[in-house]
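J.: Sequence and predicted structure are below.
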Amino acid sequence: MKLFDVYPLNNITITKAKGSYVWDDQGTKYLDMYGGHAVISIGHTHPHWVLRIEEQLNKIAFYSNSVKIPVQQQLAEKLGKLSGKEDYQLFLISSGAEANENALKLASFYNGKKKIIAFSKSFHGRTSLAVAVTDNPAIVAPVNENENVIFLPYNDEKALEDCFAQRGDEISSVIIEAIQGVGGIIPATENFLQKIRSLCNQYNAVYIADSVQDGYGRSGQFFAHDYGRVSADVYTMAKGMGNGFPIGGILIAPHIAPKHGMLGTTFGGNQLACAAALAVLEVMEEENLIENAQKVGSYLLDRLAAITEIKNVRGRGLMIGFDVPEELKDLKKNLLYKQHVFTGEAKPNVIRLLPSLALTKDQASEFLEALEAEIASLTGAKKESERAVTV
Ligand SMILES: Cc1ncc(COP(=O)(O)O)c(C=O)c1O
């Protein structure tokens, strides 16, 4: 049987990982500035995470949500404490798309309305509602097209106000990433997030903070929405939550009441996933990883801003992006194959950095050296070829 070929692959097989490094089957070591797509939060194969999973595996890995699962409650308590959302309620699922799917559905159950506001360049996942609120027609199948979704420009307060003024009574929810990830690391302004909060209050709409990529400490705050000094009604989470073990969650404000049968899933909240997620929070707290993301992130942002060949350095914490000019178009590829550094990208020309929150300052410097060396090599090669043409 062949694999369904939907992913353009790098010709690399990773067989070992530790902290912020991975090794391929030839023994080559790579610095991981991509975190397997923002998933590795506490570092690859962290010993405490491995131990907790092993211990849980030897007791029970899975039983359905038809029985009490105390580790879910332990996870909820720890999450409430670290996120500062102790009065919120937790519903557990297994991925980011599933988190957004449930959040949008819950909002509609809550206020009985249908319309959803989403923003240009958003990415919220690939299941039916999640993809319908994603601004990329190429991944929306005809069956997912949904007339209830209204796309507005990101960070445009006037457009948002006008939309609510015209159709506020129909709007069920607003879904937004506080820092757009797939869209190219674009932070929302504080004013925009505050405007969403006040309009949602005024029109009884639900503010959904998609924190799948920018949440869980990555931005240097538990939620990137915290930079707006607002509380959302629903936070969706996944990626960093399990450090690679598939788990997602939604945090639900106290005024949204549950009802039996309203939401449900087979795998969400299973014992093994909860043990992995609990280990992540324990390590984040013990090793002050949110503070580390803030500190090492600021260092990287400052140093990157001083490199004149790259443009528009931006981001928060360890969620950083910069534009790569046309003459350095091979930068990402060369970083991987020549310098042995994994980075992420956003189309058309953005390099995205999404490393583990445990990245050290030395590892950040190691990345900067590799980046500078590769830029020098690419610009040197260009000058060389220009000289050859003139001669
Ligand atoms: C902001 C955001 N929301 C949702 C998702 C979807 O998450 P998943 O791939 O786990 O379904 C992603 C994935 O990249 C994301 O970046």
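T.: Yep, it's here.
J.: Ramachandran coordinates for the residue of the stretch 1-150 of the chain found nearest the ligand?
T.: Closest contact between the stretch 1-150 of the chain and the ligand, by CB to the nearest ligand atom, is at residue 96 (2.2 Å). No exception for glycine: its C-beta is placed from N, CA and C like everyone else's. Main-chain dihedrals, residue 96, degrees, to the nearest 10: phi -70, psi -40.
J.: Pull the contacting residues for it.
T.: 124-125, 130, 210, 212-213, 236-239, 248 (CB atoms under 8 Å, 6 or more residues apart in numbering).
J.: how close does the residue most central in space within the chain get to residue 186?
T.: For the chain, residue 213 is the residue whose C-alpha lies nearest the centre (CA atoms, centre = their mean; 0.7 Å). Residue 213 sits at a distance of 12 Å from residue 186 (criterion: CB to CB, to the nearest Å).
J.: anything in contact with each of those two?
T.: By CB under 8 Å, 6+ apart, residue 213 and residue 186 have these common neighbours: residue 179.
J.: Compare the contacts of residue 96 and tell me which has the most neighbours.
T.: Scoring the contacts of residue 96 on neighbours with other CB atoms under 10 Å, the highest-scoring entry is residue 210 at 32 neighbours.
J.: partners of it in the sheet?
T.: Residue 210 forms beta bridges with residue 236, as assigned by DSSP bridges.
J.: Flag every buried residue along the helix or strand of the chain with the lowest mean pLDDT.
T.: Among the helical and strand segments of the chain, the one scoring lowest on mean pLDDT, DSSP states H and E is helix 361-390, with a mean of 87. By neighbour count on 16 or more other CB atoms under 10 Å, the buried set for helix 361-390 is 363-364, 366-368, 370-371, 374-375, 378.
J.: from the chain's centre, how far out does it sit?
T.: 30 Å (CA atoms, centre = their mean, to the nearest Å).
J.: ditto for stretch 30-46
T.: The chain centroid and the centroid of stretch 30-46 are separated by 13 Å, computed with CA atoms, centre = their mean.
J.: Any buried residues in that stretch, and which?
T.: By neighbour count on 16+ other CB under 10 Å, the buried set for stretch 30-46 is 30-36, 38-44, 46.
J.: if we can go back for a sec, from the contact counts, what lies against the least confident helix or strand of the chain?
T.: If you count contacts as 3 or more CB pairs under 8 Å, 6 or more residues apart in numbering; DSSP states H and E, helix 361-390 packs onto strand 29-32, helix 289-305, helix 331-337, strand 341-342.
J.: how about a cut-off of 10 Å?
T.: Other helices and strands packing on helix 361-390, by 3 or more CB pairs under 10 Å, 6 or more residues apart in numbering; DSSP states H and E, are strand 29-32, helix 289-305, helix 331-337, strand 341-342, strand 350-353.
J.: since we're on the closest residue to residue 34 other than its chain neighbours, how many residues are nearby?
T.: Distance criterion CB to CB, 6 or more residues apart in numbering; nearest residue to residue 34, sequence neighbours excluded, is residue 342 at 4.2 Å. Close neighbours of residue 342, defined as other CB under 10 Å, add up to 24.
J.: Could you report the separation of residue 342 from the ligand?
T.: 16 Å (CB to the nearest ligand atom, to the nearest Å).
J.: ok, what's across the strand from that residue?
T.: Beta-bridge pairing of residue 342 under DSSP bridges involves residue 32.
J.: quick one: it and residue 336 touch, right?
T.: Yes - look at residue 342 against residue 336 with CB atoms under 10 Å: they come within range, at 6.2 Å.
J.: Show me whatever sits in contact with both of those two.
T.: Common contact partners of residue 342 and residue 336 (CB atoms under 10 Å, 6 or more residues apart in numbering): 10, 12, 30, 34.
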